[in-house]
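Q: Fold the following for me, if possible:
(chains A, B and C)
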Amino acid sequence: MIVTLITDFGYTDPYVGSMKGVMLGINPDVQIVDITHDVTPQNIDEAAFILKRSYSFFPEGTMHVIVVDPGVGSTRSIIGVKTDSALFLAPDNGVLKYIFYHHSVKVYQITNQDYFRDHVSHTFHGRDIFAPIAAHMSRGITLDILGQPSENYIKGELSNPVVEAEHISGEITYIDRFGNGITNIGGNLVTGLKKMQIHIKTTTVKKLSNRYIDVPLGEPLALIGSGNTLEISVHQGNAAQQIGFRVGDPITVSFE
Amino acid sequence: MIVTLITDFGYTDPYVGSMKGVMLGINPDVQIVDITHDVTPQNIDEAAFILKRSYSFFPEGTMHVIVVDPGVGSTRSIIGVKTDSALFLAPDNGVLKYIFYHHSVKVYQITNQDYFRDHVSHTFHGRDIFAPIAAHMSRGITLDILGQPSENYIKGELSNPVVEAEHISGEITYIDRFGNGITNIGGNLVTGLKKMQIHIKTTTVKKLSNRYIDVPLGEPLALIGSGNTLEISVHQGNAAQQIGFRVGDPITVSFE
Amino acid sequence: MIVTLITDFGYTDPYVGSMKGVMLGINPDVQIVDITHDVTPQNIDEAAFILKRSYSFFPEGTMHVIVVDPGVGSTRSIIGVKTDSALFLAPDNGVLKYIFYHHSVKVYQITNQDYFRDHVSHTFHGRDIFAPIAAHMSRGITLDILGQPSENYIKGELSNPVVEAEHISGEITYIDRFGNGITNIGGNLVTGLKKMQIHIKTTTVKKLSNRYIDVPLGEPLALIGSGNTLEISVHQGNAAQQIGFRVGDPITVSFE
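A: As a prediction, the model looks like this:
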């Protein structure tokens, strides 16, 4: 079974290696795929977005483990989630909000300590709970053995755009390595509009482009990105730096 | 089959994970090896160099996928390349220049959309074309099924050193993590010279060393590096910082 | 066989990829796990600590390869080490100090050039010696074929805390991505003390906590970390930045 990892443990410390060691000790055949370990420390929204934009490309039956866990050692639960095509293991902190929004799910609180490491630290559940539980799940141990069904989990809130008569108000959800600003405005909301003006900080973009090359080098543009939402880019440049936006900044699409 | 990846997608965003998900969905047995995802965004020359310095160490039959693709969404082609020992998949932008220079090649334009993802975005061909094509190639689908032979591809230009009567003029091709300056001056051009002076910025090195320890700690030196070209280093220090050179800076070897 | 890698080669340069290519050419079935390639260049102590905190979580029989090697090309040896549960391959520079301290070991100087790459550079033994030796070891070639038993290796020195009548003097051994300061003071030395004051820079912590949430957000705390030593943290903050400590800084635990 493929098990993907999304954590904020970074690429330097021994933490990811420890998790992999534990997993391989339980299931030597587990196929671990790193999605990223570079989530900003304790940034649940960022991890949620990275999961949203990657999980659906993996084959059916893949398990996704997310360890971005500012509440480690508190009374927060750990949850296992089953959709019709994938498994998820994460702290109960809203990091699965997009999964809950887009799928019908069965949610379990993971409570069966028989499948934890013998000694569970208060600060590193990634190694002591997530890794062994994930490895056991990859060997076929089912969620009803590992815990109890739960309705009482944190759904999390999506920041949806507001559509009004004359404009849509959204925000920058994520900024990627290239400086592209990915918004929460679905492509379907803006495709086919005859006229529009997109306002982000002091920049105005007056149309939707199809490709980066539709504008001159260094010019800002708007297009429907590879995740089917509105994105703000600069042709072979860094839009976030050039326009000066950050995650959470408002963006407006005026119909006119 | 081993498939290596060189991209500028970084280690944070969901892009590399998405590519791997697509590949594993098509070929669960593909053996993916990350060479790097940290190429400077859109820096074709850097990717070309990293490929040059790594591909030949992989076993015969390995496929190398390079996605550093500032022209994504334009009319640039995607090419599959076959040498007598390896396969390459890359945008047609010169990133394979060292391969073309050192091997006889068969080059194909990849055009068979039956092997692309169903919906191809204009901004993420890594996920929508490169990943599925690579995975199909790793399952044995041949280039003549995936496209057409092409002679009309971008060969790219190597920056070769200029050898004159009294000196060789070259440049810094790459600076590694340790601050070593790797030049385009082949080791064969300088080995065995009785006298030489190497000039880089305001620093002069008066001989070729064999090992870092041939000079005192903190002193600059020149040696034939592990890629068989002249390198400028500092013994347990960072030559690029200490001497102040950057990629593209000229270096001169005087025979005297 | 699982082979883990700890290097200071970084995630950008072609060096790690080259090593993996060499290993896969010799043993296509080797299962390579990256622990980290982001050790601070030439920082032996940091690599030793990362190894210490990860190796024991891997299954019995795992081989750990550490290439942090400021003496590459000098007369320093390369050693293969066998404990009752694992194998290690490293330069003879003290990077295995924790292994020597905690295990009985058989140490071999690796000298059999038949198992090196044909041409061995003076600057990249990772590719030319470590990778092929590791791959051959993963295929079952034993240390007595690859070299000679040695007693004459660098044991390295642990920086142990000093326990006195009224206090313990230790130091910050490692700072992780979250800014946690991991000390060399074993948890057993401080657990169960009725009263204590922990002094680090100008900050004083007056008790041992169990969990981050035992103190208010943004407040410093001390706990026994996941490696069973005293750690200094800030609840959902970065202790190293907030308190201003660095690796090597002294920390004192007063009993009062």
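Q: and A:Ala135, how many neighbours does it have?
A: Using other CB atoms under 10 Å in any protein chain shown, A:Ala135 is surrounded by 26 other residues. No exception for glycine: its C-beta is placed from N, CA and C like everyone else's.
Q: Run through the residues that contact the closest residue in space to it that isn't next to it in sequence.
A: Setting aside the residues directly before and after it, A:Ala135 is nearest to A:Ile26 in space (CB to CB, 6 or more residues apart in numbering or on different chains), at 3.6 Å. A:Ile26 is in contact with A:Pro132, A:Ala135, A:His136, A:Arg139, counting by CB atoms under 8 Å, 6 or more residues apart in numbering or on different chains.
Q: Distance of A:Ile26 relative to A:Gly140?
A: Note on A:Ile26: its distance to A:Gly140, by CB to CB, to the nearest Å, is 12 Å.
Q: Ok, A:Asn152 next?
A: 27 Å.
Q: Next: A:Gly179.
A: The spacing between A:Gly179 and A:Gly140, counted by CB to CB, is 43 Å.
Q: neighbour count winner among these two?
A: Set side by side, A:Gly179 and A:Gly140 show more neighbours around A:Gly179, with 18 against 9, by other CB under 10 Å.
Q: So the more buried one is in contact with A:Phe245, correct?
A: No: in this structure A:Gly179 lies outside contact range of A:Phe245 using CB atoms under 8 Å: 9.3 Å.
Q: what are the ranges of the strands in the stretch 101-250 of chain A?
A: For the stretch 101-250 of chain A, the strands identified by DSSP state E, counting those that start in this stretch occupy A:106-110, A:147-149, A:162-163, A:167-175, A:181-186, A:197-200, A:203-205, A:220-224, A:229-234, A:250-254, in order along the chain.
Q: can you pull out the helices in the stretch 51-200 of chain A?
A: Secondary structure of the stretch 51-200 of chain A by DSSP state H, counting those that start in this stretch: the helices cover A:97-102, A:125, A:131-138, A:143-146, A:187-190.
Q: and these as TSV, adding mean pLDDT?
A: Converted to TSV, the helices of the stretch 51-200 of chain A look like this (pLDDT from 0 to 100):
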stretch	mean pLDDT
helix A:97-102	97
helix A:125	97
helix A:131-138	98
helix A:143-146	98
helix A:187-190	95
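Q: now the longest helix seen in chain A and helix A:131-138, what's the angle there?
A: Longest helix in chain A, counting residues (DSSP state H): helix A:15-26. On the basis of axes from the mean of the first three to the mean of the last three CA atoms, to 10 degrees, helix A:15-26 is oriented at 40 degrees to helix A:131-138.
Q: Figure out how far helix A:15-26 is from the centre of its chain.
A: Using CA atoms, centre = their mean, to the nearest Å, the distance from the centre of helix A:15-26 to the centre of the chain it belongs to is 22 Å.
Q: now swap in stretch A:205-212 and tell me
A: With CA atoms, centre = their mean, you get 26 Å for stretch A:205-212.
Q: what does that stretch contact?
A: Contact with stretch A:205-212 is made by A:190-191, A:193, A:196-198, A:215, A:220-224, A:232-233, A:235-236, B:72-74, B:122-123, as judged by CB under 8 Å, 6+ apart.
Q: Kindly recompute the last result at 10 Å.
A: For stretch A:205-212, the external contacting residues (CB atoms under 10 Å, 6 or more residues apart in numbering or on different chains) are A:178, A:180, A:187, A:190-193, A:195-199, A:214-215, A:219-224, A:230, A:232-237, A:243, A:251, A:253, B:70-75, B:121-123.
Q: Provide the secondary structure category for A:Ile32.
A: The three-state label for A:Ile32, taken from DSSP: H, G, I helix; E, B strand; the rest coil, comes out as strand.
Q: Could you measure from it over to A:Ile6?
A: Distance, A:Ile32 to A:Ile6, by CB to CB: 12 Å.
Q: Between those two, which contacts overlap?
A: With CB under 10 Å, 6+ apart, A:Ile32 and A:Ile6 have common neighbours A:Val65.
Q: Looking at these two, which is more packed in?
A: Residue environment comparison for A:Ile32 versus A:Ile6 gives the larger neighbour count to A:Ile6, 26 against 20, counting by other CB under 10 Å.
Q: Spell out which parts of the stretch 101-250 of chain A neighbour chain C.
A: Where proximity means CB under 10 Å from any CB of the partner chain, the interface of the stretch 101-250 of chain A facing chain C comprises A:Arg117, A:His119, A:Val120, A:Ser121, A:His122, A:Thr123, A:Phe124, A:His125, A:Gly126, A:Arg127, A:Asp128, A:Ala131.
Q: Drop anything exposed from those.
A: Among those, those classed as buried by 16 or more other CB atoms under 10 Å in any protein chain shown are A:Arg117, A:Ser121, A:His122, A:Thr123, A:Phe124, A:His125, A:Gly126, A:Arg127, A:Asp128, A:Ala131.
Q: just to revisit the earlier point, generate a ChimeraX selection restricted to the buried entries among the contacts of stretch A:205-212.
A: Buried members of the contacts of stretch A:205-212, identified by 16+ other CB under 10 Å, are gathered into one ChimeraX selection as follows:
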select /A:178,180,190,196,198,214,215,219,220,221,222,223,224,230,232,233,234,235,236,237,243,251,253 /B:70,71,72,73,121,122,123
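Q: what about A:Gln241, distance to A:Val234?
A: Spatial separation of A:Gln241 from A:Val234 under the definition CB to CB is 9 Å.
Q: For the closest residue to A:Ala134 other than its chain neighbours, list the residues it contacts.
A: With CB to CB, 6+ apart as the criterion, A:Ala134 has its nearest non-adjacent residue at 4.8 Å, and that residue is A:Val65. The neighbours of A:Val65, taking CB under 10 Å, 6+ apart as the test, are A:3-7, A:19, A:23, A:32, A:35, A:80, A:87-90, A:126, A:130-131, A:133-135, A:137-138.
Q: picking up where we left off before, comparing the strands of the stretch 101-250 of chain A, which comes out most buried?
A: strand A:229-234 (a mean of 25; mean count of other CB atoms under 10 Å in any protein chain shown).
Q: How about that one and chain B, any contact?
A: Yes: Strand A:229-234 is in contact with chain B by CB under 10 Å from any CB, via A:Glu231, A:Ser233.
Q: Just list what that strand packs against, helices and strands only.
A: If contacts are counted by 3 or more CB pairs under 10 Å, 6 or more residues apart in numbering or on different chains; DSSP states H and E, strand A:229-234 sits against strand A:167-175, strand A:181-186, helix A:187-190, strand A:197-200, strand A:203-205, strand A:220-224, helix A:239, strand A:250-254.
Q: Now do it: distance to the chain's middle.
A: Taking CA atoms, centre = their mean, one finds strand A:229-234 lying 18 Å from the centre of the chain it belongs to.
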